[in-house]
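J.: Requesting a structural model of the entry that follows:
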Amino acid sequence: MSLSAEEKRRFLKALEEDQEFRYAVAGLLGLGEVLNELRRLREDFNKYVEKSERRWRQNERRWKENEKRWKEWFDTWKKFLEDYEKRWQENERRWEEAYKRFDNIERRLSNVETTVGAVAESQYSRYVWEDLKEEIKARGEAVVRRVRNAKVDNVDVDLLVETDRRVYVVEVKIRPRVEDVGALLAKAEVVKAALGKEAVPILTGTWIGDDVEKYARGKGVMIYSY
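T.: Have a look, this model is predicted:
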């Protein structure tokens, strides 16, 4: 049996427009099972797409939440760094001010120490002179000159007393050390060489330790303690 051209056209049109007719023809041709499988595959695919879309929306929501958290964390960390920088600069400014104050205090203390040292040196020199002049008189020596803060060959001497026979080299130290004894002996040698007379080293102070006094006397240094 053959179909005319018109019948073929109508048949093809029915296949194209009538879904039920199309499935009936497919069933007759043995394509029903194939179509059912395709239908199931489409349904499964649609379910997969829907599930994927739900997951995508969930993930997108989570990404936005994470992005928000990261932004909040970044803003917090940024603010912390800014505050830390401000605090560091403020502390640095305070340290600079403290250093300036400490430096000023140190200078003041140094000035006080210098002043106290000068006053003490003057006082002790007077004490030594009062005692020494009696001893010089008892030895039968005549004082030629007495000089405070003398300089002999660029060597500083706290008190220099020169007689017709000897030169007395006085070193004033509130709390003398063993090294000060050595320095005094060196000064006495310079004075002896410069003036050509016997130099008598004298150490005076308040807190003269036993070890310092023993060492000084062992080196021929006279001790005047006040």
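
J.: Where does pLDDT dip in the chain?
T.: 1-3, 8, 15, 25-35, 109-120 (pLDDT under 70).

J.: Now do the helices in it.
T.: Here the chain has its helices, by DSSP state H, at 5-17, 19-28, 32-138, 178-195, 210-218.

J.: Any chance of CSV for those helices, columns distance to Glu162 and mean neighbour count?
T.: The C-beta positions use only the backbone N, C-alpha and C, and glycine is treated the same way. Converted to CSV, the helices of the chain look like this (distance: least, C-beta to C-beta, whole Å; neighbours: other C-beta atoms under 10 Å):
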stretch, distance to Glu162, mean neighbour count
helix 5-17, 142, 11
helix 19-28, 140, 12
helix 32-138, 10, 11
helix 178-195, 7, 17
helix 210-218, 22, 14
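
J.: Find the residue closest to Arg146 in space, skipping its chain neighbours.
T.: What sits nearest to Arg146 in space, not counting adjacent residues and going by C-beta to C-beta, 6 or more residues apart in numbering, is Val161, at 5.0 Å.

J.: Am I right that the one you found is in contact with Trp129?
T.: Yes. The pair Val161 / Trp129 is scored as a contact, 7.1 Å apart, by C-beta atoms under 8 Å.

J.: Between the two, which contacts overlap?
T.: Counting by C-beta atoms under 8 Å, 6 or more residues apart in numbering, the shared contacts of Val161 and Trp129 are Arg146.

J.: just to revisit the earlier point, please convert the helices of the chain to JSON lines, extending it with distance to Ile202.
T.: As requested, these are exported to JSON lines (distance: least, C-beta to C-beta, whole Å):
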{"stretch": "helix 5-17", "distance to Ile202": "136"}
{"stretch": "helix 19-28", "distance to Ile202": "133"}
{"stretch": "helix 32-138", "distance to Ile202": "7"}
{"stretch": "helix 178-195", "distance to Ile202": "8"}
{"stretch": "helix 210-218", "distance to Ile202": "10"}
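
J.: Looking at strand pairing, list the partners for Ser225.
T.: Gly205 (DSSP bridges).
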